[in-house]
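Chemist: generate a structure from the sequence data that follows.
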Amino acid sequence: MVQVLLLAFLVLGSGLTRRVSSHEESREWSCESNSEIRVQADFRPGVITLDGHADDWKDIDGFEFSLLPALDPDEDHEYKYGKMTVKALHDGNDVFFLLQVDGDYAFSKGDSSKCPSAALMFQIGDDATYHNMGGCKEQRGSCTNKTCKGHEVDIMHFSIGNAIPGRLYGGNPIDNRDGNGLDRFGHLVDVYAWNPHCRYLDGMGPSGNESSAQNNWKGAWWHNSFTVHSGFVEEDSPYTTGGQKGTYYFEFSRPLRTMDRLQQDVQFTIGGSSKMSVAFWYPVDGNPWVGSGHYTINCDWVSLDIASGGSMLTKSAPSSSWDATSAFALLFSIAALCIAIFVAYQVSRPKSIPFTPMENL
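Modeler: Predicted coordinates:
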């Protein structure tokens, strides 16, 4: 088991190393961000089934974003298939996300760089910046939870090269038993970082491994060119013909609060706000993507508001009980009024007593 874990981590590590080596900006960083951009997660319990399908999201408001290159957010290099729609909600226990983006179908089993990929990033530390993935100035050999304290970001990354569409991936008993953020089955991993050069699976780091971590994320993916809806298995790969026009859906969930003790998970608060970003990789023109060649929804953090259910309850709950209560009260009032009128009539009407002569007594 340890050998399997180490092998999987080495494979992941080699991917991280490859991505870091290409994470170089072509020019001085500049960002013109709209600070009013927000994503709102309303309280909608019992609505979402986590299966990659978007049917149950049809009544949820979405937020549309242009996808620009992360390292060079120039509109001339916008993602050519269009914008990304981000939807979010929560049920009081878990928060749910749907990413919806157009793209010709591309899938190469076992080669994630030839398949689309998606990631969510959240601010943990107060000093964590969107730019440079937390913004700690330390390099890989010197970044630690002390030298980079306050620059922590939480990342969920889903590479679908080994993931069957419609199937659930992410946290699982095997990897969580080993106390890390790995997903050896579908590569929906739970990661934290201080900067692009210092990224680690939850529970792992430069000072050794901590066995108390878990992968708290779950997710699934889908493409609307699929004609089978009863469920795929691995032998069905590539699941449909490549190049078909359509839309990708990535669906994720995670508890609002986790049992993280290592400052590696963002903690959501109902009625509160967090900072987030979304990244998307796509093999444009069939070319494999590199780690730094991703698109993002904004060149700075986007606010994520976890709405309270109180406002919805105060609007909907009284109205649902008002019909029965008001009808009963109205009926009772009418009955009471009728009785009062009847009693008043009986009391006020003249009473005629027949005259009886004395001789008839």
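Chemist: can you pull out the helices in the stretch 51-200 of the chain?
Modeler: 173-177 (DSSP state H, counting those that start in this stretch).
Chemist: pLDDT below threshold where in the stretch 1-150 of the chain?
Modeler: Residues of the stretch 1-150 of the chain that meet the criterion pLDDT under 70 lie in 1-29, 35.
Chemist: count of residues packed around Ser112?
Modeler: A count of nearby residues for Ser112, using other C-beta atoms under 10 Å, gives 22. Yep, even glycine has a C-beta here, placed from its N, CA and C like the rest.
Chemist: was I right to think it contacts His187?
Modeler: Yes. With contact defined as C-beta atoms under 8 Å, Ser112 and His187 form a contacting pair (6.7 Å).
Chemist: so what sits against both of those two?
Modeler: Ser159, Ile160, Gly161, Asn162 (C-beta atoms under 8 Å, 6 or more residues apart in numbering).
Chemist: most surrounded residue in those?
Modeler: Neighbour counts for those, by other C-beta under 10 Å, peak at Ile160, which reaches 24 neighbours.
Chemist: give me every residue that touches that one.
Modeler: Taking C-beta under 8 Å, 6+ apart, we find Ile160 in contact with Phe107, Ser112, Cys115, Pro116, Ser117, Gly186, His187, Trp221.
Chemist: distance-wise, check it relative to Ser230.
Modeler: Plainly put, Ile160 is 20 Å away from Ser230 if you go by C-beta to C-beta, to the nearest Å.
Chemist: same thing with Tyr81?
Modeler: In this view, Tyr81 and Ser230 are 28 Å apart by C-beta to C-beta.
Chemist: quick one: which of those two has more around it?
Modeler: Ranked by neighbour count (other C-beta under 10 Å), Tyr81 and Ser230 place Tyr81 first, with 16 against 5.
Chemist: beta partners of the residue nearest to the more buried one when sequence neighbours are not counted?
Modeler: Among residues not flanking Tyr81 along the chain, Asp102 sits closest, at 4.4 Å (C-beta to C-beta, 6 or more residues apart in numbering). For Asp102, the beta-bridge partners under DSSP bridges are Thr247.
Chemist: just to check, Asp102 is in contact with Thr85?
Modeler: No. Applying C-beta under 8 Å as the test, Asp102 and Thr85 come out as separate, 9.6 Å apart.
Chemist: compare these two (neighbour count), which wins?
Modeler: Between Asp102 and Thr85, counted using other C-beta under 10 Å, Thr85 has the larger neighbour count: 20 against 16.
Chemist: got a list of what that one touches?
Modeler: Thr85 is in contact with Gly62, Phe63, Glu64, Phe65, Leu98, Leu99, Gln100, Val101, counting by C-beta under 8 Å, 6+ apart.
Chemist: who does the second one bridge with?
Modeler: In this structure, Phe63 has the following beta-bridge partners (DSSP bridges): Val86.
Chemist: what about it, how many residues nearby?
Modeler: Using other C-beta under 10 Å, Phe63 has 15 other residues around it.
Chemist: contacting residues for it?
Modeler: Contact analysis of Phe63 by C-beta under 8 Å, 6+ apart lists Ile37, Arg38, Val39, Gln40, Thr85, Val86, Lys87.
Chemist: now the buried members of those residues.
Modeler: Val39, Thr85, Val86, Lys87 (16 or more other C-beta atoms under 10 Å).
Chemist: out of the contacts of Ile160, which are buried?
Modeler: Neighbour-count burial (16+ other C-beta under 10 Å) applied to those gives Phe107, Ser112, Cys115, Pro116, Ser117, Gly186, His187, Trp221.
Chemist: just the ones of the residues you listed in strands?
Modeler: Ser117, Trp221 (DSSP state E).
Chemist: what sits closest to the residue nearest the centre of the chain if chain neighbours are left out?
Modeler: What sits nearest the mean C-alpha location of the chain, by C-alpha atoms, centre = their mean, is Phe97, with 2.5 Å. In this structure, Phe97 finds its nearest non-sequential neighbour in Phe252, 4.6 Å apart by C-beta to C-beta, 6+ apart.
Chemist: neighbours around that neighbour, how many?
Modeler: As a burial measure, Phe252 scores 24 neighbours (other C-beta under 10 Å).
Chemist: packing partners of the helix or strand containing it?
Modeler: Assigned by DSSP states H and E, Phe252 belongs to strand 247-255. Counting contacts by 3 or more C-beta pairs under 8 Å, 6 or more residues apart in numbering; DSSP states H and E, strand 247-255 is packed against strand 94-102, strand 153-159, strand 218-223.
Chemist: all strands for the stretch 201-350 of the chain, in order.
Modeler: Ranges of strands in the stretch 201-350 of the chain, per DSSP state E, counting those that start in this stretch, are 218-223, 247-255, 273-281, 295-296, 302-306.
Chemist: okay if I get the ones you listed as TSV plus distance to Arg140 and mean pLDDT?
Modeler: Shown next, in TSV, are those (distance: least, C-beta to C-beta, whole Å; pLDDT from 0 to 100):
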stretch	distance to Arg140	mean pLDDT
strand 218-223	28	98
strand 247-255	27	98
strand 273-281	21	98
strand 295-296	23	97
strand 302-306	28	97
